[in-house]
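**Q** I would like to see how this sequence folds:
(one chain, ligands or ions: 1)
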Amino acid sequence: MTILPRILVWNEYRHEREHAEVAAVYPGGIHAAIAAPLAAAGFPVRTATLDEPEHGLTEAALAETDVLFWWGHMAHDEVDDAIVSRVQQRVLAGMGLIVLHSGHFSKIFKRLMGTSCDLKWREADERERIWVLAPAHPIAAGLGEYFELPREEMYGEFFDVPAPDELVFVSWFQGGEVFRSGCCYTRGAGRIFYFRPGHETYPTYYDAHVQRVVANAARWAAPTGGPALAFGHRPEPLERLTFA
Ligand code: ZN
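**A** Now for the predicted structure:
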């Protein structure tokens, strides 16, 4: 029996409470829409939101998390820097992080990437065609050559991130732009996946292909059980040092 990773879905949860058109799409919040199919697939899933104490990202909550999902947009600046550092340390120690859509501008993603993470964008109800560039990658399991979302926000290159270790998806938009929409990284012992779709006014997280990618990414980003990171002065060598 495979033990599935413990997931924490973090959402800013502001658009849904402040904008009726978003609440109409995600009445329980984007976090609930992401969490429900993961729970149905058997993952142990909890959710957390920005306005909870410590944004719901307490030491205890993170200690019980193998993979953290992150959706944010209008309140990136309200995320406490100390909490960002806490999440960063957990990632470096091996926790998986899945950054979704406008999370490209989150403090935690920019911190981990070290670049502006800026891009081009347009809200024009465009079709997005998401091509699989790495058919053998676990995050592409169960997909066809591509899948489509009938309406999405456009994100266009240049996307100012470090070259991904593995590029799983590239998106094409009706207006002609393209975008690296599934990017894998490692930082320390942690795995990071950036997945582009998920604008708040579209029902993207109810799409079966997107749900498949979300579940695949959760499995892929789980801690691999590798060695704990160790650094610093080593006065005692592993071998006896002899000098002529
Ligand atoms: Zn958006």
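
**Q** hey, where'd the strands end up in the protein?
**A** Counting by DSSP state E, the chain has these strands, from start to end: 7-11, 45-49, 67-71, 96-100, 120-132, 146-156, 166-173, 178-187, 190-195.

**Q** Make CSV from those and add distance to the ion to it.
**A** Any C-beta I mention is one placed from the backbone N, CA and C, and that applies to glycine too. As requested, these are exported to CSV (distance: least, C-beta to the ion, whole Å):
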stretch, distance to the ion
strand 7-11, 13
strand 45-49, 18
strand 67-71, 10
strand 96-100, 10
strand 120-132, 7
strand 146-156, 4
strand 166-173, 13
strand 178-187, 12
strand 190-195, 13
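
**Q** any chance of those in CSV, with mean neighbour count too?
**A** As requested, the strands of the chain are arranged in CSV below (neighbours: other C-beta atoms under 10 Å):
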stretch, mean neighbour count
strand 7-11, 28
strand 45-49, 20
strand 67-71, 26
strand 96-100, 26
strand 120-132, 16
strand 146-156, 19
strand 166-173, 20
strand 178-187, 20
strand 190-195, 24
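
**Q** could you dump the ones you listed to TSV with mean pLDDT and distance to P235?
**A** Shown next, in TSV, are those (pLDDT from 0 to 100; distance: least, C-beta to C-beta, whole Å):
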stretch	mean pLDDT	distance to P235
strand 7-11	98	40
strand 45-49	98	42
strand 67-71	99	37
strand 96-100	98	35
strand 120-132	98	50
strand 146-156	98	50
strand 166-173	98	39
strand 178-187	98	29
strand 190-195	98	29
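
**Q** Would you mind listing the residues in contact with H76?
**A** With contacts defined as C-beta atoms under 8 Å, 6 or more residues apart in numbering, the neighbours of H76 are 12, 105-107.

**Q** Pick out whichever of those residues sits closest to the ion.
**A** Using C-beta to the ion, the shortest approach to the ion within the contacts of H76 belongs to F105, at 10.0 Å.

**Q** From P235, how far out is S116?
**A** Between S116 and P235 the computed distance is 42 Å (C-beta to C-beta, to the nearest Å).

**Q** now the longest helix along the chain, how far from the chain's geometric center?
**A** Ranked by residue count, the top helix of the chain under DSSP state H comes out as helix 208-221. Using C-alpha atoms, centre = their mean, to the nearest Å, the distance from the centre of helix 208-221 to the centre of the chain it belongs to is 10 Å.
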